[in-house]
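> Sequence plus the predicted model coming up.
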Amino acid sequence: MVKTLLLRGMVAGPVGGLAYFVFAYLFGEGAVDGAIAYEQHVGLAHDVSAEAPLVSRGIQSTVGLGVAAVLYGVVIGGLLALAYSAVVGRVGRLGPRATAAVIAGVGFVAVAAVPFLKYPANPPASTLDATVGQRTGPYVALIIISVALAIGAVMLQRSLTARLGTWNAALTAIGAYVATAAAVGYLLPTVDETPADFPATVLYDFRLASIGGQVVLWAVVGVVFGTLVDDRSSRQAETLAGQTGVSRSS
């Protein structure tokens, strides 16, 4: 079963990755160009000549971005499939589509949204060189902790359902996750990484496109994966019903 679900995740992942690529290309590349223009302006002001890139900007914004987006989508699709195989049939009366949607929503919050709130994405030239190492470690740590807290919240919801009911147990688990994630984010160091004269509009547009792309990616992967597993469940139900009918008639 896990292998079959992984295959479906590997189908849904690239579809979500392509959707992410289209969104990022349409709404994020303008901000990247603005950041590069700022970098070139700073270089000219300090009489520093820019080195020729190994890969042209045109390739970076099309083939490079597309390949990276699809590969990232494959990873997300595989993770969603594994999570689905672990919780399917254990989340109340939710069907395959709803289960996939819930997992995708939780994954987006834990992997993308919460880390973004503390350490939002930055375009080129918007991060001081001295702060790169200061940011990377806490950012990765926040992702790991956020995912662990999300898993803990799911387990808490399951343990409280019999006592509090599904709705109240879910609210309690969500509240516990939000409180602990906020505490962790508060304790992690804040990195002052953006040059004071960096264009605020470019930074805002890039960050908006970045989190918007994550929304598109997780939503598309969740919908496509849910559709694939729902079709499989429907076929299995029809086969079982047919076999039952044959056995009764005989």
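Yep, that arrived.
> What is the helix or strand hosting V11 packed up against?
Following DSSP states H and E, the helix or strand that holds V11 is helix 2-27. Where contact means 3 or more Cβ pairs under 8 Å, 6 or more residues apart in numbering; DSSP states H and E, helix 2-27 is packed against helix 65-87, helix 200-249. C-beta: built from backbone N, CA, C; applies to glycine.
> Turn those into TSV, columns for mean pLDDT.
Below are those laid out as TSV (pLDDT from 0 to 100):
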stretch	mean pLDDT
helix 65-87	93
helix 200-249	77
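> Low-confidence stretches in the protein?
Flagging of the chain using pLDDT under 70 yields the residue ranges 42-55, 89-92, 128-132, 231-250.
> that older thread, need the winner for burial among the helices and strands packed on helix 2-27.
Most buried of those, by mean neighbour count (mean count of other Cβ atoms under 10 Å): helix 65-87, with a mean of 19.
> Report the backbone C-alpha coordinates of the helix or strand just after that helix in PDB.
Next helix or strand after helix 65-87 toward the C-terminus (DSSP H and E): helix 96-107. C-alpha atoms of helix 96-107 as PDB (Å, rounded to 0.1, in the frame of the first residue of the first chain):
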ATOM      1  CA  PRO A  96      -9.400  10.200   1.100                       C
ATOM      2  CA  ARG A  97      -9.700  13.700  -0.500                       C
ATOM      3  CA  ALA A  98     -10.400  15.300   2.900                       C
ATOM      4  CA  THR A  99      -7.600  13.400   4.600                       C
ATOM      5  CA  ALA A 100      -5.200  14.500   1.800                       C
ATOM      6  CA  ALA A 101      -6.400  18.100   2.100                       C
ATOM      7  CA  VAL A 102      -5.900  18.100   5.900                       C
ATOM      8  CA  ILE A 103      -2.400  16.600   5.600                       C
ATOM      9  CA  ALA A 104      -1.500  19.200   2.900                       C
ATOM     10  CA  GLY A 105      -2.800  22.000   5.100                       C
ATOM     11  CA  VAL A 106      -0.900  20.800   8.200                       C
ATOM     12  CA  GLY A 107       2.300  20.300   6.100                       C
END
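> that older thread, which among the helices and strands packed on helix 2-27 is found nearest to F23?
helix 200-249 (4.7 Å; Cβ to Cβ).
> ok, how many other residues are close to T180?
16 (other Cβ atoms under 10 Å).
> How about it, nearest residue that isn't a chain neighbour?
L149 (5.4 Å; Cβ to Cβ, 6 or more residues apart in numbering).
> The one helix or strand the one you found maps to packs against which elements?
Applying DSSP H and E as the criterion places L149 in helix 132-164. Helix 132-164 sits against helix 96-107, helix 114-118, helix 166-187, with contacts defined as 3+ Cβ pairs under 8 Å, 6+ apart.
> Kindly calculate the angle that that helix makes with helix 96-107.
130 degrees (axes from the mean of the first three to the mean of the last three Cα atoms, to 10 degrees).
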